[in-house]
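J.: sequence first, then the predicted structure, then my questions.
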Amino acid sequence: MKVLQVILIVLFYAQFAFSQETLRGEARVELEPVYAQFLGAPYPLDSATANLWAVEDAAFALSGMIYGWEFSYDPGERARGLQEVLELNALGKVAPEDARLEITDVGIKDGIFYLYVEYRLSELQANRVSSWKSSSVFTAQAVGYGPLQGYEGVVNRSQIKEGALRDAMKKAIRKKLRAAERNRPRTVTGFIALSKFPVYRMQNGLWAASSEFRIEIKDIIPFAVY
């Protein structure tokens, strides 16, 4: 019994062991955001607000790089009256207040607040990141777009920006499908993660999100099944 207790204690504390691997990235926040009117945010932003927003963006990017999302994607088909739909389920989260999320530098240039971070991975997290680099994982780059004011019912700044990233995910998954499938499937399931921090910019009244993704397809359901 005592041996079993020791083993359980070792396993419990093992999850908090740290690896030597560190993720690094940069988050940017506009100090005079034209979308502030949609959020009730101060204009122009003070440095404290800009720093808070940048840390939130950095934590979100780290979550996407380490844990990623499980997805279900329907490419849609106009002839059948089917809409394109992407459903995402986050597999883990790095909190903005995580003590291992370290700000290494900040700066301001051309009205943009820059924040650089480092995040030291636990061994479990390092293993997850390593699993995203397996031979079954496909890498694709894409740029997605979304309205500056967000979609109906969305008023959270992070969710608004994530709308553009979600569009980029759709395009990246479509690239994977075109490379692997001759016929358009009905539904595709799998996993997707960020391979680096996404870059957001405002372009022609829209959010543009540019990123590189790691994609693993779990199942492809053809139309013939329906």
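T.: That came in fine, so what should we check first? Numbers count the residues shown, from 1 in each chain.

J.: who does Leu115 bridge with?
T.: Beta bridges link Leu115 to Ala27, Val106 when assigned by DSSP bridges.

J.: all further residue positions should be reported with the first residue as 48.
T.: Will do, 48 is the new start, and the previous item becomes Leu162.

J.: any idea how far it is from Lys218?
T.: Using Cβ to Cβ, to the nearest Å, one obtains 27 Å as the distance from Leu162 to Lys218. (Glycine included, C-beta is placed from N, CA and C.)

J.: which stretches in the chain count as helices?
T.: According to DSSP state H, the chain carries its helices in the segments 49-61, 83-86, 94-113, 170-178, 204-227.

J.: residues contacting the residue nearest the centre of the chain?
T.: Within the chain, the residue whose C-alpha comes closest to the C-alpha centroid is Gly111; the distance, by Cα atoms, centre = their mean, is 3.8 Å. Gly111 makes contact with 240-241, 245, according to Cβ atoms under 8 Å, 6 or more residues apart in numbering.

J.: need the helices of the chain in a markdown table with distance to Glu134 and mean pLDDT, can you?
T.: Conversion of those to a markdown table gives the following (distance: least, Cβ to Cβ, whole Å; pLDDT from 0 to 100):
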| stretch | distance to Glu134 | mean pLDDT |
| --- | --- | --- |
| helix 49-61 | 33 | 42 |
| helix 83-86 | 25 | 66 |
| helix 94-113 | 16 | 95 |
| helix 170-178 | 21 | 95 |
| helix 204-227 | 10 | 88 |
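
J.: wait, which of those is closest to Leu253?
T.: Each of the helices of the chain was scored for nearness to Leu253 using Cβ to Cβ, and the closest is helix 204-227 (7.4 Å).

J.: coming back round to it: inside strands: which ones of the contacts of Gly111?
T.: Using DSSP state E, the members of the contacts of Gly111 that fall in strands are 240-241.

J.: list just the nearest of the contacts of Gly111 to Val81.
T.: Lowest distance from Val81 to the contacts of Gly111 (Cβ to Cβ) belongs to Pro245, with 19.8 Å.
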